[in-house]
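Colleague: take a look and give me a structure for this.
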Amino acid sequence: MIKYSLSCDNGHAFEGWFSTGADFERQVETGFLTCPICNSAAISKSLMAPSVSTARKKEAKQQMAMDIARREAMAKLREAVNHVRAHAEDVGERFPEEARKIHYGEADARGIIGEASLSDVRELLDEGIDIAPLPDLPDEGH
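Modeller: The predicted structure follows:
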């Protein structure tokens, strides 16, 4: 992997990792590489001092990769939760009752969210009613 110091035509500086120098050139030519701050595709690279790999640097890179993966996973989870909340009816404490009505054909099938006790959840699952908890996620930036 090659790490380049990059900048856009608006003066924003950032770093990029590429499998080869040709990979960098290809991404610039196709417009795939853009500034993460302003989305400009006018990207240039600067010379960098060679980096000597040490155990500490390797550990820091691994931690950074894990942090990035964690943030991406949280963003996808947040997107999924927001989608469910936007497209489901909140039935509150009537959730177990409404889930049963839908399951047994007594009410129109639709997405619902609401509240259920642990015993209600166990009973619904025992009846073969597919439900899943909807997590409360921390605010962005926390």
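Colleague: going by C-alpha atoms from here, please, whenever you check contacts or count neighbours.
Modeller: Noted.
Colleague: lowest-confidence helix or strand of this protein?
Modeller: Lowest mean confidence among the helices and strands of the chain (mean pLDDT, DSSP states H and E): strand 43-46, at a mean of 88.
Colleague: partner strands of it and their direction?
Modeller: Sheet pairing of strand 43-46 (DSSP bridges) gives strand 2-8 (antiparallel).
Colleague: can you pull the alpha-carbon coordinates of the strand it pairs with into CSV?
Modeller: Below are the C-alpha coordinates for strand 2-8, written out as CSV (Å, rounded to 0.1, in the frame of the first residue of the first chain):
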residue,chain,number,x,y,z
ILE,A,2,1.1,3.5,-0.8
LYS,A,3,0.1,6.5,1.3
TYR,A,4,0.0,9.9,-0.4
SER,A,5,-0.5,13.4,1.0
LEU,A,6,-3.3,14.8,-1.1
SER,A,7,-4.9,18.2,-1.6
CYS,A,8,-7.7,19.6,-3.7
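Colleague: which residue ranges of the chain form helices?
Modeller: Here the chain has its helices, by DSSP state H, at 21-30, 55-87, 95-103, 118-126.
Colleague: mind listing what's buried along the longest one?
Modeller: Think helix 55-87. Within helix 55-87, the residues scored as buried using 16 or more other CA atoms under 10 Å are residue 78.
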